[in-house]
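S.K.: Generate coordinates for the sequence data below:
(chains A, B, C and D)
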Protein chains: 2
Amino acid sequence: MLQLATSRPGAVPESGRCTDCAVRASAICGSLDVPGLDELSRMGRKVHLRPGQTLLWEGDESVLVGNVLEGMLKLSTVTGDGREQIVGIVFPSDFIGRPFGKDSHHSVTALTEARVCVFRRGAFDDFAGAHSGIEAALLRRTLDELDRARRWMLLLGRMSATERVASLLLEMIDRLGDTPGAPISLPLSRQQMGDLLGLAIETVSRTMTRFEREGLIDLPGGRRVVLRDRPGLERIAAG
Amino acid sequence: MLQLATSRPGAVPESGRCTDCAVRASAICGSLDVPGLDELSRMGRKVHLRPGQTLLWEGDESVLVGNVLEGMLKLSTVTGDGREQIVGIVFPSDFIGRPFGKDSHHSVTALTEARVCVFRRGAFDDFAGAHSGIEAALLRRTLDELDRARRWMLLLGRMSATERVASLLLEMIDRLGDTPGAPISLPLSRQQMGDLLGLAIETVSRTMTRFEREGLIDLPGGRRVVLRDRPGLERIAAG
DNA sequence: CGCGTTATTGATTAGTCTCAATTCAGGTGG
DNA sequence: CCACCTGAATTGAGACTAATCAATAACGCG
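M.R.: Purely as a prediction, here's the structure:
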């Protein structure tokens, strides 16, 4: 339930310039011209995170925002007595942090090795105010995020354990799977899958092995999953 | 589970001008100067909804967006077999609809008598593109909505029925209660409370009467609730 | 190869849902 | 104004899902 590695990430001031950034085209920076990009470039720094490291803490003042360059991170909240809910997973080119707000409502923690391009929130807020393209891009991204969150609310509020696990598998396979039929490596432990689905770890495990027995998936071990019967999973996930 | 009244709302072209709109200061229109407001004014029309009437349907093409002028509406999604989840409640000055998107991911249905100022989505998108103040205001609003949705995900994924009902009561009392200690009238049926909390109607009902027995609230009948022991409810809601 | 962690499997329990029967409230028509 | 009617809310009994507790097995790493 608690984080494993909770040390503060080290700031690694890389020399990379925004103009040759891998996610430039798809991140919100894509809306900027070269001078704007240079200005932003001087404001940001790159941070490297190891799996389990937390970049932002729930309840802390919102000091940082940024873009994911590489890797995957989870956004999570915790109840008073320590039950955790993952409220989002972010991928390269996704935006993280809470601009225009006093404090951050969820923690941001690396699931894999990750690189993030971060800015001080205040400076970013000012920059965004002066470059309406950034605000426009961020608005579109936030609207998509909100749609995703609300879809997940249906899963959490109304779906059975079976339906939830099937939905997650499909989502992960779609977001991670390059080659159809090839095994994909889940970046999530069973515990994290539970925290995402609102289920106990044992329920996730049981459901996965049941799916394997029923020929829907293969579990060759080591967090790998092979999709065997997509229509079957889709039928289950549909409710 | 299904809507009662599902007829299309009538478009009531009121003569009211944006400049003396009740929600102008708090809605996203607040960011506009008088010429901008006039332009927007010509694009919009006012729609009146009765309780149960649906303005936008899940899955439909996103044709309308708008601002709530009066009343309360629910945003909801449904599983394949008809289980419903309410993913949001909107109040006066809140924005509804999905700008910059092909289709709407949830239905918008009036809970009370309501008045909404609506725009064709395409026209609004163009207008927003030309007036960055609108996009900025909408961004802030959407970020707040996203925070709210994620907080609700914790409730749906990790909280017990008791904790969920206590949380809802506190939220409703805070959002609706003018005079502390006075009874507030919930605009939600027990079924709708269930759809919001991811619970069966009977569970909501049982939990409410238990709270009454324990002296936390009074239920004078007719969807009215009186808060008797806020700290007690808060202790329960905290988890 | 052994240790610590993570995952699986099993037995039991608790919490919530479902089904069913009243009761209650609000609106209608006599 | 009151009796009736209808949908909503409450209450009860039982079934079932998923959580919890506990033990074992598999994995990853030094």
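S.K.: Tell me if I'm right that residue A:62 and residue A:97 touch.
M.R.: Yes - here residue A:62 lies in contact with residue A:97, judged by C-beta atoms under 8 Å, at a distance of 6.5 Å. For glycine as for every other residue, the C-beta is placed from the backbone atoms N, C-alpha and C.
S.K.: could you point out the longest helix in chain A?
M.R.: The residue-count maximum for a helix in chain A (DSSP state H) belongs to helix A:132-158.
S.K.: The following helix or strand past it near DNA strand C anywhere?
M.R.: Next in sequence after helix A:132-158, counting helices and strands by DSSP states H and E, comes helix A:161-176. No - contact of helix A:161-176 with DNA strand C (C-beta under 7 Å from any atom of the strand) is absent, the minimum separation being 10.7 Å.
S.K.: pLDDT on helix A:161-176, on average?
M.R.: Averaging pLDDT along helix A:161-176 gives 95.
S.K.: what's next to the helix or strand following that helix, contact-wise?
M.R.: Using DSSP H and E, the helix or strand that follows helix A:161-176 in sequence is strand A:184-185. With contact meaning C-beta atoms under 8 Å, 6 or more residues apart in numbering or on different chains, strand A:184-185 is reached by A:172, A:173, A:176, A:177, A:222, A:223, A:224, A:225, A:226, A:227.
S.K.: that older thread, list residues touching both of residue A:62 and residue A:97?
M.R.: A:56, A:104, A:121.
S.K.: Kindly present those as JSON lines, with separate columns for neighbour count and secondary structure.
M.R.: Compiled in JSON lines, the shared contacts of residue A:62 and residue A:97 are given as follows (neighbours: other C-beta atoms under 10 Å in any protein chain shown; DSSP: H, G, I helix; E, B strand; the rest coil):
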{"residue": "A:56", "neighbour count": "24", "secondary structure": "strand"}
{"residue": "A:104", "neighbour count": "24", "secondary structure": "coil"}
{"residue": "A:121", "neighbour count": "21", "secondary structure": "helix"}
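S.K.: just those: which has the poorest pLDDT?
M.R.: Among the shared contacts of residue A:62 and residue A:97, residue A:104 has the weakest pLDDT, 93.
S.K.: which residues does that one contact?
M.R.: Residue A:104 touches A:56, A:57, A:58, A:59, A:60, A:61, A:62, A:97, A:98, counting by C-beta under 8 Å, 6+ apart.
S.K.: again, but for residue A:105
M.R.: A:58, A:77, A:98, B:147, B:150, B:151 are the contacts of residue A:105 under C-beta under 8 Å, 6+ apart.
S.K.: which one of those sits closest to residue A:31?
M.R.: Nearest to residue A:31 among these is residue A:98, at 19.9 Å by C-beta to C-beta.
S.K.: so how many other residues sit close to the closest one?
M.R.: 21 (other C-beta atoms under 10 Å in any protein chain shown).
S.K.: quick one: it from DNA strand C, how far?
M.R.: Look at residue A:98 and DNA strand C: by C-beta to the nearest atom of the strand, to the nearest Å, they are 28 Å apart.
S.K.: Please name the nearest non-neighbouring residue to that residue.
M.R.: Of all residues not flanking residue A:98 in the chain, residue A:62 sits nearest, at 4.5 Å (C-beta to C-beta, 6 or more residues apart in numbering or on different chains).
S.K.: quick one: contacts for that neighbour?
M.R.: By C-beta under 8 Å, 6+ apart, the contact set of residue A:62 is A:56, A:97, A:98, A:99, A:101, A:102, A:103, A:104, A:121.
S.K.: The nearest residue to residue A:55 once chain neighbours are set aside and residue A:58, how far apart?
M.R.: Closest residue to residue A:55 apart from its sequence neighbours, by C-beta to C-beta, 6+ apart: residue A:108 at 4.6 Å. The gap separating residue A:108 from residue A:58 is 9 Å, by C-beta to C-beta, to the nearest Å.
S.K.: How about residue A:237?
M.R.: Counting by C-beta to C-beta - residue A:237 and residue A:58 are separated by 29 Å.
S.K.: Of these two, which one has the most company?
M.R.: Using other C-beta under 10 Å, the more surrounded residue of residue A:237 and residue A:58 is residue A:237, with 21 against 15.
S.K.: just to revisit the earlier point, now do the longest helix of chain A: which elements does it pack against?
M.R.: strand A:84-90, strand A:95-97, helix A:121-130, helix A:161-176, strand B:73-78, strand B:84-90, helix B:132-158 (3 or more C-beta pairs under 8 Å, 6 or more residues apart in numbering or on different chains; DSSP states H and E).
S.K.: So what pairs up with residue A:78 in the strands?
M.R.: Taking DSSP bridges as the rule, residue A:78 bridges to residue A:84.
S.K.: Check the burial of it by counting its neighbours.
M.R.: 19.
S.K.: so who does it touch?
M.R.: A:58, A:84, A:85, A:107, B:154.
S.K.: try 10 Å
M.R.: Counting by C-beta atoms under 10 Å, 6 or more residues apart in numbering or on different chains, residue A:78 touches A:1, A:2, A:58, A:59, A:84, A:85, A:106, A:107, A:195, B:154, B:158, B:239.
S.K.: go on, residue A:79?
M.R.: Contacts were defined as C-beta under 10 Å, 6+ apart; by that measure residue A:79 touches A:85, B:154, B:155, B:157, B:158, B:159, B:163, B:237, B:238, B:239.
S.K.: Could you dump those residues into CSV with distance to residue B:216 added?
M.R.: CSV is the format used below for the contacts of residue A:79 (distance: C-beta to C-beta, whole Å):
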residue, distance to residue B:216
A:85, 25
B:154, 22
B:155, 18
B:157, 24
B:158, 22
B:159, 17
B:163, 13
B:237, 11
B:238, 14
B:239, 16
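S.K.: I am finished for the moment; much appreciated.
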